[in-house]
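> Next comes the sequence, and after it the predicted model I'd like to discuss.
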Amino acid sequence: MDHFDVLVVGAGISGVGAAYYLQSRCPGRSYAIFEAREAMGGTWDLFRYPGIRSDSDMFTLGFSFRPWTEAKAIADGPAILNYLKETAAAYGIDRHIRYQHRVRSASWDSATSRWTVEIERGSERTADKVTCGHLHMCAGYYNYAQGYRPPFPGEESFAGKIVHPQFWPTDLDYQNKRVVVIGSGATAVTLVPEMARDAAHVTMLQRSPTYVVSRPAEDAFANRLRAVLPAKLAYAIVRWRNVLGQMFMFRLARRRPQRVKTAIIDMVRQALGPDYDVATHFTPAYNPWDQRLCLVPDADLFEAIRTGAASVVTDHIERFTETGVALASGKVLPADIIVTATGLDMRLMSDLALTVDGAPVDPSQSFSYKGMMFSGVPNLSATFGYTNASWTLKADLTAEYLCRLLRHMDRHGYTECRPINADPNLEAAPWLDFSSGYIVRARDRLPKQGLVKPWKVNQNYALDLLYFRFGALEDGVMRFSRPMPAGASASAPLASPAKAPADAA
Ligand SMILES: Cc1cc2nc3c(=O)[nH]c(=O)nc-3n(C[C@H](O)[C@H](O)[C@H](O)COP(=O)(O)OP(=O)(O)OC[C@H]3O[C@@H](n4cnc5c(N)ncnc54)[C@H](O)[C@@H]3O)c2cc1C
């Protein structure tokens with residue numbers, strides 16, 4: 001059986017970033033990346049709908065160690081995929097990726113300090129096993145096999161095409177077609193202006209509005225700075241400016257929601273003119289940053305609405321008809337194509353089945369440690385990005401911390417690290433403090449966070465940076481242990497302190 005010191009699962013942004021840190025900071029450790037698909041890039045390879053792009057800036061969605069040098073700060077999907085592939089090639093990370101290696105389950109054995117990982121390999125999905133000392137999950141946060149797609153009454157009667165953005169048909173011809181896009185999240189606001197260029201008309205049909213904010217696709221300051229400073233320095237400056245700006249806006253939104261709400265809605269009003277019904281179509285019932293804001297580059301969505309190429313309808317779907325969508329208000333939207341931009345089906349660690357010494361792990365019963373490990377589960381970490389900032393900021397910190405942990409274990413001869421919750425009264429809160437549909441739908445399956453360190457999940461990069469880089473590794477919660485001395489009984493406990501009652505179960 002192959003053995004790796006660290007097995008990284010997933011070759012998207014998080015997996016590629018983790019590999020960079022592992023090979024540069026823990027060069028003595030062997031690692032491999034197992035990727036279920038035939039290609040790397042994760043999200044940026046899977047999603048192929050027209051106009052696919054980032055909705056946060058590439059100075060923070062890019063890796064800390066590799067400057068983003070393209071002119072566009074809000075970048076197109078193919079450019080992001082290219083950046084990932086170039087990064088993997090530049091650092092020889094691509095040689096460590098094993099494609100069509102789908103990780104199914106992992107069983108931890110305390111006696112050997114190893115995970116035995118069951119995988120499916122190749123197009124035949126042949127069952128196989130490998131072992132590893134540490135499992136680092138970079139499997140993203142949603143189901144790759146299917147998106148979230150509620151059933152709609154009467155959909156079988158619709159004579160046109162129904163498309164989900166996660167599986168965009170390459171041959172879909174929407175030229176001069178009437179398109180209805182259901183939803184008003186990041187995907188819908190990307191698709192609508194892009195399709196409106198060629199379609200007869202595109203209607204964005206939403207149940208309730210979302211906050212939409214326009215930003216220039218190109219960052220003029222960043223582009224000027226790059227012209228006069230070395231790329232790495234310019235990148236670092238713009239990255240920090242964006243991190244701090246984002247943190248400031250988030251705090252302001254939480255402290256003065258009404259002020260931020262008014263400012264956003266005023267901007268929409270300016271973009272769409274005084275006669276547009278902004279109150280109905282662009283004024284959400286929730287506060288800014290209770291859900292992620294939708295970013296549109298160069299006001300492209302508003303431009304499509306102003307020119308009449310696209311429109312927004314806020315209503316409820318009663319049923320699909322043969323020729324379109326019948327709404328609760330009695331209105332009917334004629335359609336040749338319906339795009340169900342209804343979202344993602346959220347998954348934690350791709351629903352990996354885990355056992356620890358034979359006992360199944362139920363992640364929903366665990367507390368998340370620093371937002372990257374789970375109480376009672378040894379030698380396993382997972383990358384999960386910020387909800388209020390670019391994913392990669394947290395992915396970078398998670399990988400850095402993993403390397404600190406592994407180096408600490410090397411120095412002391414530890415083979416196991418296990419966060420233990422010894423406080424049976426630790427107050428629990430939802431892992432993600434966000435009201436977006438995909439998070440709310442998955443809440444029962446997600447771990448909990450505590451209200452105190454290290455169980456609290458910070459949605460704050462600057463705070464995490466200090467905590468992850470300089471915080472004590474031996475914090476009294478993370479229990480380290482060594483292998484048994486030669487001759488010790490196989491059933492003797494490891495050198496770690498006794499498991500605390502809260503996690504022992
Ligand atoms: C359309 C879209 C736009 C987005 N835009 C932004 C943005 O602008 N800014 C931002 O911060 N975030 C954005 N996100 C979130 C985005 O997913 C993250 O930014 C980032 O791409 C996640 O990278 P990842 O490597 O963690 O996960 P993913 O990109 O999801 O990659 C996970 C990889 O793991 C593999 N995998 C999963 N399960 C297994 C398994 N069991 N065995 C083996 N391999 C497995 C998958 O095949 C995949 O390749 C966006 C998401 C979507 C869907």
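Sure thing, it's come through. Computed from a prediction, not measured in an experiment: that's the story for all the values here.
> Would you check how far apart Tyr144 and Gly12 are?
From Tyr144 across to Gly12, the span is 10 Å (C-beta to C-beta, to the nearest Å). For the C-beta atoms, the positions are set from N, CA and C on the backbone; glycine is no exception.
> Mind checking which of these two has more residues around it?
Gly12 (25 against 19; other C-beta atoms under 10 Å).
> Contacts only, for that one.
By C-beta atoms under 8 Å, 6 or more residues apart in numbering, Gly12 lies in contact with 40-44, 84, 138, 140.
> one more time with 10 Å
33, 35, 37, 40-46, 81, 84, 138-140, 383, 391, 395 (C-beta atoms under 10 Å, 6 or more residues apart in numbering).
> hmm, back to that, which residues are common contacts for Tyr144 and Gly12?
With contacts defined as C-beta under 10 Å, 6+ apart, the residues shared by Tyr144 and Gly12 are 37, 42-43, 46.
> thinking again about what came up before, which ones among the contacts of Gly12 also lie next to the ligand?
35, 37, 42-43, 138-140, 383, 391 (C-beta under 6 Å from any ligand atom).
> Report the two of the residues you listed separated the most.
Arg37 and Trp391 (18.4 Å; C-beta to C-beta).
> Looking at the two, which is more packed in?
Trp391 (23 against 17).
> Phi and psi next, for the closest residue to that one other than its chain neighbours.
Sequence neighbours aside, Gly385 is the residue nearest to Trp391 in space, at 2.9 Å (criterion: C-beta to C-beta, 6 or more residues apart in numbering). The phi/psi pair for Gly385 (degrees, to the nearest 10) reads phi -80, psi 180.
> Asn287 too?
When quoted as degrees, to the nearest 10, the phi and psi of Asn287 stand at phi -90, psi 150.
> Who are the contact partners of it?
Asn287 neighbours (C-beta under 10 Å, 6+ apart): 211, 253-254, 256-258, 260-261, 435.
> List only buried entries from the residues you listed.
211, 253, 260-261 (16 or more other C-beta atoms under 10 Å).
> how about the residues you listed in TSV, adding secondary structure and pLDDT?
As requested, the buried ones among the contacts of Asn287 are exported to TSV (DSSP: H, G, I helix; E, B strand; the rest coil; pLDDT from 0 to 100):
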residue	secondary structure	pLDDT
Tyr211	coil	97
Ala253	helix	95
Val260	helix	96
Lys261	helix	97
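> List just the nearest of these to Asp5.
Ala253 (42.4 Å).
> just checking, Gly245 is part of a helix?
Yes - applying DSSP: H, G, I helix; E, B strand; the rest coil, one finds Gly245 inside a helix.
> okay, now it: neighbour count?
12.
> Is the ligand within reach of the host helix or strand of Phe59?
Assigned by DSSP states H and E, Phe59 belongs to helix 58-61. Yes - for helix 58-61 and the ligand, the contact criterion (C-beta under 6 Å from any ligand atom) is met by Leu61.
> where does this structure have low pLDDT?
484-505 (pLDDT under 70).
> Quick check: residues of it near the ligand?
Residues of the chain lying near the ligand (C-beta under 6 Å from any ligand atom): 9-15, 34-37, 42-43, 47, 54-56, 61, 102-103, 138-140, 144, 187, 350, 383, 385, 390-391.
> my guess is Phe468 meets Leu397, correct?
Yes - at 4.5 Å, Phe468 and Leu397 qualify as touching, with contact defined as C-beta atoms under 10 Å.
> Quick check: neighbours shared by the two?
Listed as contacting both Phe468 and Leu397 by C-beta under 10 Å, 6+ apart are 370-372, 461.
> where exactly do the helices run in the stretch 201-350 of the chain?
220-228, 231-255, 257-272, 278-281, 300-306 (DSSP state H, counting those that start in this stretch).
> Point out the most buried one among those.
helix 300-306 (a mean of 21; mean count of other C-beta atoms under 10 Å).
> quick one: contacts of that helix?
With contact meaning C-beta under 10 Å, 6+ apart, helix 300-306 is reached by 51, 184, 188-197, 202, 204, 212, 214, 217, 267-268, 270-273, 276, 281-282, 294, 296, 299, 309-312.
> Can you select the buried ones among the residues you listed for me in ChimeraX?
Buried members of the contacts of helix 300-306, defined by 16+ other C-beta under 10 Å, are picked up in ChimeraX with:
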select :51,184,188,189,190,191,192,193,194,195,196,202,204,212,214,217,267,268,271,272,276,281,282,294,296,299,309,310,311,312
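> so where do the strands sit in the stretch 101-250 of the chain?
Ranges of strands in the stretch 101-250 of the chain, per DSSP state E, counting those that start in this stretch, are 101-109, 114-121, 126-137, 161-163, 178-182, 201-206, 212-215.
> which secondary structure elements does the longest one contact?
If I follow you right, that is strand 126-137. strand 2-9, helix 13-25, strand 31-34, strand 101-109, strand 114-121, strand 380-382, helix 391-412, strand 416-419 (3 or more C-beta pairs under 10 Å, 6 or more residues apart in numbering; DSSP states H and E).
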